[in-house]
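Chemist: Have a look at this prediction, sequence included:
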Amino acid sequence: MREYNDLVKLAAQAAVRAGDYIRAALRPAADTWTEKGQHDFATEVDRVAEGLISEALMRDEPDSVIVGEELSPTRALQGQLVWVVDPLDGTTNFLHGYPQYAVSIGALADGKLVAGVVHDISRKRTYTAARGGGAYEDGIRIGVSAVTQPRLALVGTGFPFKALHLLQQYLSQFAAVLGATSGVRRAGSAALDLADVAAGRLDAFWELHLFPWDIAAGALLIREAGGVITRPDGAADVLSGAQHGAVVAGNATMHRWLLDLLRIR
């Protein structure tokens, strides 16, 4: 198996290739969208993009396993090398021409996150991280914010639109965070939200319902940028699917503050 930096390079090449395809693709007509579930759409663009990514990864790492949102979402995260792929994070944004969507590719070696790439398709930015090697935006090292006072903080979030049974809990949390900070933002791509935490543009982030392909790359970005990302119970294994795949992230101080605030809601 390759060194971690080699895995990052391979994932970045695959992500940029898929991003170029998505950027050039015509937005599908509404009557061609596939509704996988309530508020959850997929198109041929998602599926072709994942195919391009899978082809690139398997060509160079034929013994690896790919867990992808569109083509293999039920496959277990088990294997010596596992790729966790979201070919188009923010599909609804893409379908409406709202420029906040990304390709996300994480790699696990023997169960540990070792490489992560988030490619911001509209802005042509690529975020990368290798275990123990730091986090980067287009080759420039990034770090989480230094804000430690909640009243100064800008916090990112995601609505539980695929799990409406969590809505009342979420609204209580939202009210508490909004009342204690300088603002809350919801842009619609968890992969880019986590990249923004890693880059210090968001001081913290939480969401109640995510999947491994939403989180894998961004989680490593945050950790390698000096931040913290856990489940709401404080557990570090954010890919296990426990607690609906909920995550809380930020610099160490803001993560602890947000974790404590959400626990009582």
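Modeler: Nice, I can see it. Numbers count the residues shown, from 1 in each chain.
Chemist: so is the residue nearest to S145 when sequence neighbours are not counted in a helix, a strand, or just coil?
Modeler: Counting by CB to CB, 6 or more residues apart in numbering, the nearest residue to S145 once its immediate chain neighbours are dropped is G200, at 3.9 Å. C-beta: built from backbone N, CA, C; applies to glycine. What DSSP: H, G, I helix; E, B strand; the rest coil gives for G200 is coil.
Chemist: quick one, what contacts G200?
Modeler: The contact partners of G200, by CB atoms under 8 Å, 6 or more residues apart in numbering, come to I142, G143, V144, S145, A146, A225.
Chemist: And it, how far from L210?
Modeler: 21 Å (CB to CB, to the nearest Å).
Chemist: The residue most central in space within the chain: what secondary structure?
Modeler: Closest residue to the average C-alpha location of the chain: A191 at 2.6 Å, with CA atoms, centre = their mean. Under three-state DSSP, A191 falls in the helix class.
Chemist: Please list all residues in contact with A153.
Modeler: By CB under 8 Å, 6+ apart, the neighbours of A153 are V147, T181, S182, D203, A204, M254.
Chemist: what separates it from D203, distance-wise?
Modeler: From A153 across to D203, the span is 4 Å (CB to CB).
Chemist: same check, this time on R186
Modeler: According to CB to CB, R186 stands 15 Å off from D203.
Chemist: Start from the N-terminal end of the protein and give the helices.
Modeler: Ranges of helices in the chain, per DSSP state H, are 4-24, 44-60, 91-96, 167-180, 190-198, 212-224, 252-263.
Chemist: So R186 and D203 - more neighbours on which side?
Modeler: Neighbour count, other CB atoms under 10 Å: between R186 and D203, D203 has more, with 30 against 12.
Chemist: so what's that one up against?
Modeler: Taking CB under 8 Å, 6+ apart, we find D203 in contact with S145, V147, L152, A153, L154, V155, V197, G250, N251, M254.
Chemist: Most widely separated two among the residues you listed?
Modeler: Spatial extent of the contacts of D203 (CB to CB) is set by the pair L152 and V197 at 15.4 Å.
Chemist: Look at the two and report which has more neighbours.
Modeler: V197 (29 against 12).
Chemist: what about Q100, how many neighbours?
Modeler: 19.
Chemist: if I look at the residue lying closest to V228 once chain neighbours are set aside, how far off is G227?
Modeler: Spatial nearest neighbour of V228, chain neighbours left out: H255 (4.2 Å); criterion: CB to CB, 6+ apart. H255 sits at a distance of 7 Å from G227 (criterion: CB to CB).
Chemist: Ok, V16 next?
Modeler: Separation of V16 from G227 (CB to CB): 25 Å.
Chemist: Counting neighbours, go ahead and name the busier of those two.
Modeler: Taking neighbours as other CB under 10 Å, V16 and G227 compare with G227 leading, 26 against 17.
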